Structures are given as structure tokens and as C-alpha cells.
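> Have a look; sequence and predicted model below, questions after that.
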Amino acid sequence: MAWAAHSLGGVLLGKGAGTSGKDSANWKEWVTLSAPYVFVLGYLLAASWGAHALMHKFGTAGTPHELHLAAPGSAFGSYLAHALQINNSADLAALWAVLAGCGAAFLVMAWRLDVNLFSIHHFYRNRLTRCYLGAGRDDRVANPFTGFDPCDDIKLAELKQRPLHLVNTALNLVHDDNLAWQDRKAYSFTFSPVACGFQYPPNASQQGGGYYDSARYMGGVRLGTAMAASGAAASPNMGYHSSPAVAFLLTVFNVRLGHWCPNTEARAIKPGAIRRESPQWGGEYLLKELFGLTDDESDFVYLSDGGHFENLGVYELVRRRCRYIMVVDAGQDEKRSFEDLANMLRKCYIDFGAGIAIHLDALSADQDGNCQSCFALGDIAYPPEDGQKQGGSIGQGNWGVLLYIKPSLVKNMPEDIRQYAKANPGFPHQTTADQFFDEAQFESYRHLGRFLMNNVLNSIGEQKTPGGKSWKWADAPAG
């Protein structure tokens, strides 16, 4: 009862706003952080007790160290009982035979059961594909039982037109030995219609990476696969969110939304592996998930939600030195701490030397939850490239503009949005774990998004960046 209460309490406290994982003096933090370890211990004890009870089902206890056969025909119970009575070499041989049989079963199943196919990644991918890619097709020929149509999904290489899609995921490096990245435990891995892969920044202590043609990668990687990997928030290895106990639990219970994809690093590319959708033998990779041993040195790498590295998707745009960047920060942030923005600013400066100056005073909420504005402008100062001088104007040289939009409650909002906000205090930053919106919730977010974007379009010319520059919509397409 204590084990169940502690485990359940840890889950409930972890979902609440009273825990952050950073306040070591708070008893709630201790309960939350220790809950996975307590659950693992109880789980192993329960499994051991279950095996013991199973043996008693087939045999009856004699002495404390013996199990006698209950029924003459119960060979299974006799074999287990005999195997655990290691009194001589014959008993030891029997035990090794049992272990060898279990090992052989594991090897065969790891070969025949696809490590990706038998996770919930494909369930998630199929639902996303049906919802967002299939909804726009009038000529669907759906399976009468599942409702899926294979033609809903398309190959990513078929989208080679503007705008260029960049699908961000996190390359998990939980077992990486780079001390400078011991907090990150992940790096950016992108899918695009042109190429898929990753490349470590030039100033990083470890070098490597590479890209591979999207038309040939994984036999022609599909948009649904990339989209599902990009949204794989629940996975055993989660970048800087990773925990050994949580990794163990999620793997054991098969809560695995991530995807094992071929490694695109030049020195690791193998022709037979780079075009496969999954490892040929998945046992090694399942164990890596179980014990948090993901790295960039295997034939396949583990990809999960891009937010496990950088949640706004700006990192790869700064790598490409984009001059106009618009980002909508729709993460759960009831306290308006702007953690995702701060994480992006740090990583862009550390890895690329790009400094971004932005003031967020107008985005702070008053006691009624209202904000002066829903957006802010920032200056991007890129480091000079070879042959360039420091400085320049926006769209030229080393300068860029960041338009940062934050879902906010502002004055003069439509009454239906305001009423929903009063009835639901977390709006518009309700938990992203809620994947089942009712009509009122969906319409309130849709209407708020339209209202705020109209505000941005109508008033953006009135604001300037901290450096005195303004955003010009007419110049953005050219950039």
C-alpha cells in the first residue's frame, strides 16, 4: 500500500504546478523525483513474487529450500523446482539450460519483432497522418476496419518547393561522454525534402554529423514518420529530460513514441542500413532504450520530440542565418517564465555565436492575466562570415529580425474567448498532455489564434526592435 501510494503521489505531484524538479528543499520535489525509483523497486519485487507464486501453482512447498511436485504430470513445475535447487552439477546444468532457453527466445524475438513497428510510434504516426494529411483528400479509399489509407502519407522528398519544410527532432545522446553537453543529452536532427541528418556546430568540443539524400534515406522517408518522431514527447530517452528510472519504466511498459532511424554521420553510414526503416536486429537498440545508452555511434540513432533539445524550432533557422524569423511559442507556460525562449537564446549563442536581443516587458501579465501585447521584436546579430565586416542593416550583412509571438490574453478580446478563459484558468496555456479537445476548447484556441494574428498584422509597424529596427512584411518574402 505504501508503494502504491508513493508511486501514485509522485505521478500526481509531477503533473501539478507545485513541482519543477529544481527546488531540493521542497518535500514534494523529493516525492516526485524518488517515485520512479520506488516504482521500479516495487515492480521488480512484484515480478519476483509472481514467479514464486507461479512455481507454487505447479508445486507445493516442502522444506524451506525445496519444492515437491504436486501432480505427476506437471513437468513444467518439476523442471523449475529442480532448476532452482543447485545442490550438484546436474542442478547447475539444468539452471543454465533454463537461462539458455530464455536467451534463445530473446534473440529470436529481437530478430523477428521490429523494434519500431512494435512500439506505439506507428499508432501515433497513423493517427496523425489520418487527421492532418488525410483530412484534405476527397478521393480517399480507406480500409473499412482501420479507416487508414496508405496514400494519405507522402514522401518528404516530394515537397521540394517553397516554403521549405524543416521537421525538427532530437538526436538522443544520453550515453554521450562529452562533458560539455552533459545537461543537453541531445542534439538537433532535421528532416527536410532535400536531406536528413545533423551536423555539430563548428565550435563544439566534439565534431561529426552528416546529411543524406531524403529521396533515398530510409527508402524515401515519409512525412508522417518525420512528423510523428518530431512529436514523440513520451519516450524512454528524452534529451535533457532523461532519467534512468523513467527510461526503464517507459521501455518496460512500451511507452515508446520515438523512432530508431539510420545514422547519417559520414563515418557511420552503411549502405545496407541507411536505406532501412528499422534495425535488422532490434534487441541491441531495445536494451539501449531500457538502460539509457543512446548515442551517435551506432548504425541507428534514437530520435524523439524536437522539444527535447530546442522547443521553438529556431535553432536550425539561426544555423542557416535566416534574416526574418517568425516563431509562435505555444508551449505550456502558465507562469510566463519564457523557458523555451531562454533555452533557444543560450543554445544559439553558444553554438553559433548569434546574439539575440529581445525585450519581453509587454508580454508580462498583470494581476488579471492580461498582457499589453502578444508579440515582441528582437535583433539577431550573426557573427561575420569570411570576408564580412561586423554590422550592416537588416537583410544585409549580419543582422536579422526575430518576431516572437506568445499566446496571450489581451484587451478587447472577443467575449467568447474571455468567457472560456474565466471558466478555464489555465487557458491559453493548458497542459499539452490533453490531446482530446472538445468543441469549445478547440474553437477558443482557433479564435484566439486568429484574433492575435490580426493584432500582429495591424500593429507590427508600430514596434521596433531593441536596436531600433522594425519588421517590414514586404521585405520578408525576399528574405
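Perfect, thanks for sending it. Numbering: from 1, shown residues only.
> what's the nearest residue to H359 once chain neighbours are set aside in contact with, if anything?
Closest residue to H359 apart from its sequence neighbours, by Cβ to Cβ, 6 or more residues apart in numbering: P466 at 5.6 Å. C-beta here means a position set from N, CA and C on the backbone, and glycine is covered the same way. Residues near P466 by Cβ atoms under 8 Å, 6 or more residues apart in numbering: 357-359, 378-379.
> which two from those end up farthest apart in space?
Using Cβ to Cβ, the contacts of P466 span at most 10.2 Å, a distance reached by H359 and D379.
> quick one, which of those two is more surrounded?
Neighbour comparison, H359 and D379: the larger count goes to D379, with 19 against 11 (by other Cβ atoms under 10 Å).
> Are we agreed that the more buried one is in a helix?
No: counting by DSSP: H, G, I helix; E, B strand; the rest coil, one finds D379 to be strand, located in no helix.
> coming back round to it: quickly find the element holding the residue nearest to H359.
Assigned by DSSP states H and E, P466 belongs to neither a helix nor a strand.
> separation between it and V401?
P466 is 11 Å from V401, where distance means Cβ to Cβ, to the nearest Å.
> Check G461 too.
G461 is 13 Å from V401, by Cβ to Cβ.
> Pull up the overlap in contacts between the two.
Joint contacts of G461 and V401 (Cβ under 8 Å, 6+ apart) are W471.
> The nearest residue to G220 once chain neighbours are set aside bridge partners, please.
Leaving aside its chain neighbours, G220 sits nearest to K155 (4.7 Å; criterion: Cβ to Cβ, 6+ apart). Beta-bridge pairing for K155 (DSSP bridges): R222.
> on that earlier part again, joint contacts of P466 and V401?
Shared contacts of P466 and V401, counting by Cβ under 8 Å, 6+ apart, come down to 378-379.
> now the helices: where do they sit in the protein?
2-15, 27-58, 75-83, 89-112, 121-128, 223-230, 244-252, 271-274, 283-291, 315-319, 339-352, 415-423, 439-459 (DSSP state H).
> By mean pLDDT, flag the weakest helix or strand of this protein.
Least confident helix or strand, the chain: strand 67-69 with a mean of 44, by mean pLDDT, DSSP states H and E.
> Stretch 270-284 spans what distance, first to last residue?
17 Å (Cα to Cα, to the nearest Å).
> what's the distance between that stretch and the middle of its chain?
21 Å (Cα atoms, centre = their mean, to the nearest Å).
> residues of that stretch that come out buried?
Of all the residues in stretch 270-284, those buried under the rule 16 or more other Cβ atoms under 10 Å are 273-274, 276-279, 282-283.
> Stretch 238-249 too?
In stretch 238-249, counting by 16+ other Cβ under 10 Å, buried: 238-239, 241-243, 245-249.
> re earlier: would you mind telling me which of G461 and V401 has more residues around it?
Neighbours were counted for G461 and for V401 using other Cβ under 10 Å; V401 has more, 25 against 11.
> contacting residues around that one?
323-325, 377-380, 394, 465, 469, 471.
> how close does the residue nearest to H359 get to G378?
As defined by Cβ to Cβ, P466 lies at a distance of 7 Å from G378.
> Report the set of residues contacting both of the two.
Common neighbours of P466 and G378 (Cβ under 8 Å, 6+ apart) are 357-359.
> Among those, name the ones in strands.
357-358 (DSSP state E).
> wait, which of the shared contacts of P466 and G378 is closest to A440?
Ranked by distance to A440 (Cβ to Cβ), the shared contacts of P466 and G378 are led by I358 at 33.6 Å.
> what's that closest one in contact with, if anything?
Neighbouring residues of I358 by Cβ under 8 Å, 6+ apart: 341, 345, 376-379, 402, 404, 465-466.
> If we use 7 Å, what do you get?
Neighbour list for I358: 376, 378, 402, 404, 466 [criterion: Cβ atoms under 7 Å, 6 or more residues apart in numbering].
> In a markdown table: those residues, plus pLDDT.
Formatted as a markdown table, these follow (pLDDT from 0 to 100):
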| residue | pLDDT |
| --- | --- |
| A376 | 93 |
| G378 | 94 |
| L402 | 94 |
| Y404 | 96 |
| P466 | 87 |
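> Would you format those residues as JSON lines with distance to H6 included?
Shown next, in JSON lines, are these (distance: Cβ to Cβ, whole Å):
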{"residue": "A376", "distance to H6": "43"}
{"residue": "G378", "distance to H6": "45"}
{"residue": "L402", "distance to H6": "45"}
{"residue": "Y404", "distance to H6": "41"}
{"residue": "P466", "distance to H6": "49"}
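> Which of the residues you listed ranks first by neighbour count?
L402 (26 neighbours).
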